[in-house]
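1. need a 3D model of the following:
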Amino acid sequence: MAAGQLLTGYADVRATDLAALDTLRARSRQVREHLNAAAKQSHAEPAEHRGPWSTAQMDQITTEVSRVAGCATLLREHLPRTAQDTVPELTELADPLHEHLAALARAAAGAETVAPGALRSVFDSCTARSGLSTEYLGTGAPATATDGSGSTSTSRAVALSSATVDALEALTASVASGHRHGRHAAAPKPARRPRG
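-> Sure, this is the predicted structure:
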């Protein structure tokens with residue numbers, strides 16, 4: 001997905017293929033449109049034909065998918081333009097992010113479950129190990145490091161990456177909730193009459 005490729009672009013200004021990202025964005029837009037149509041159609045579906053998510057959960061998932069797309073857009077808009085603005089530490093997150101997105105897609109298809117909190121744990125470990133956690137003060141806005149040495153571009157990159165992880169974690173929790181509860185509105189099966 002684009003978010004993993006975008007993080008690679010934060011490490012090297014030449015690493016991101018913008019044409020490929022634009023293709024992924026177009027594909028993502030089509031998937032979101034399909035999801036929106038499916039969510040609207042779910043309101044009219046008979047209970048026994050519904051997937052594992054309630055109508056309210058489908059609406060929430062649709063909102064969260066849009067939030068993830070918005071985060072990816074912001075990541076793309078703020079890609080480093082010079083070598084001084086790169087944040088090479090973020091490349092460590094690209095593979096876990098890609099793996100999480102793939103697992104999330106499989107979970108949405110019912111093939112597996114994905115645990116909420118796993119991606120946040122990886123992000124927090126990576127930023128702590130690399131020292132990036134001191135660049136981000138948790139306000140959601142670019143900031144300087146507590147010692148005054150942090151760059152605005154690094155702070156912005158960490159903040160945008162953290163917001164993306166938060167959005168993905170919210171989506172993960174919603175997808176996982178449908179699998180915990182199974183089919184929400186399934187019609188009860190009629191009782192069998194005893195033979196006799």
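2. next one, pLDDT for the closest residue to Ser133 other than its chain neighbours please.
-> Among residues not flanking Ser133 along the chain, Thr127 sits closest, at 4.2 Å (CB to CB, 6 or more residues apart in numbering). Placement of C-beta: from N, CA and C, glycine included. pLDDT, Thr127: 91.
3. what distance do you get for Thr127 to Gly9?
-> Note on Thr127: its distance to Gly9, by CB to CB, to the nearest Å, is 18 Å.
4. what residues are up against the residue nearest to Ser133?
-> Contacts for Thr127 (CB atoms under 8 Å, 6 or more residues apart in numbering) come out as 89, 133, 136, 158, 162.
5. could those residues be laid out in JSON lines, adding pLDDT?
-> Below are these laid out as JSON lines (pLDDT from 0 to 100):
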{"residue": "Glu89", "pLDDT": "89"}
{"residue": "Ser133", "pLDDT": "81"}
{"residue": "Tyr136", "pLDDT": "59"}
{"residue": "Val158", "pLDDT": "90"}
{"residue": "Ser162", "pLDDT": "92"}
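6. from those residues, which ones fall inside helices?
-> When DSSP state H defines the helices, the subset of the contacts of Thr127 inside them is 158, 162.
7. rebuild the contacts of Thr127 as CSV, extending it with neighbour count.
-> Shown next, in CSV, are the contacts of Thr127 (neighbours: other CB atoms under 10 Å):
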residue, neighbour count
Glu89, 21
Ser133, 18
Tyr136, 23
Val158, 26
Ser162, 20
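8. how about the helices in this protein?
-> Under DSSP H, the chain gives helices at 2-11, 18-42, 55-77, 91-108, 118-130, 152-181.
9. of those, which is nearest Asp85?
-> Closest to Asp85 of the helices of the chain, according to CB to CB: helix 152-181, at 4.0 Å.
10. summarise which helices and strands that closest one is packed against.
-> Packed against helix 152-181, as judged by 3 or more CB pairs under 8 Å, 6 or more residues apart in numbering; DSSP states H and E, are the following elements: helix 2-11, helix 55-77, helix 91-108, helix 118-130.
11. how close does the residue nearest to Thr86 when sequence neighbours are not counted get to Ser54?
-> Distances taken as CB to CB, 6+ apart place Pro80 nearest to Thr86, at 4.7 Å, with adjacent residues excluded. In this view, Pro80 and Ser54 are 42 Å apart by CB to CB.
12. from the contacts of Thr127, which is closest to Ala109?
-> Top of the list for closeness to Ala109, among those and by CB to CB, is Ser162 at 27.6 Å.
13. isn't the closest one up against Phe123?
-> Yes: between Ser162 and Phe123 there is a contact under CB atoms under 8 Å: 6.8 Å.
14. where does pLDDT dip in this structure?
-> Applying pLDDT under 70 to the chain flags the ranges 1-5, 24, 34-36, 38-39, 42-52, 135-150, 179-196.
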